[in-house]
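Trainee: my questions concern the predicted model and sequence given below.
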Amino acid sequence: MPDIGDLQPLSDAIDALCEILEGDREDVIEGLAEIIRKRAEFEKFRQDLRHDC
């Protein structure tokens, strides 16, 4: 588990995004999680294509 101090920059970045997007913290975090899920799906698909060639 990361040290709480290690997470402070992430927390600050999320706070900044909330201000920029004028959004709720939970909604912003859920949106970021969805972006990460989609990126992971894309990377898996890309790796699968490389192995098929």
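Mentor: On my side now, so go ahead. This structure is a prediction, so every number in the text was calculated from the model and none was measured.
Trainee: CA only for contacts and neighbour counts going forward, please
Mentor: Noted.
Trainee: can you list the low-confidence ranges for this structure?
Mentor: Along the chain, the parts satisfying pLDDT under 70 run over 2, 53.
Trainee: which stretches of it form helices?
Mentor: With DSSP state H as the criterion, the chain has helices at 4-21, 25-52.
Trainee: neighbours of residue 18, how many?
Mentor: Residue 18 has 17 neighbours, counted by other C-alpha atoms under 10 Å.
Trainee: quick check: it touching residue 24?
Mentor: Yes. Using C-alpha atoms under 8 Å, residue 18 and residue 24 qualify as a contacting pair, with a distance of 6.3 Å.
Trainee: burial measure for residue 23, as a count.
Mentor: So residue 23, with other C-alpha under 10 Å, has 13 neighbours.
Trainee: OK, contacts around it?
Mentor: residue 17 (C-alpha atoms under 8 Å, 6 or more residues apart in numbering).
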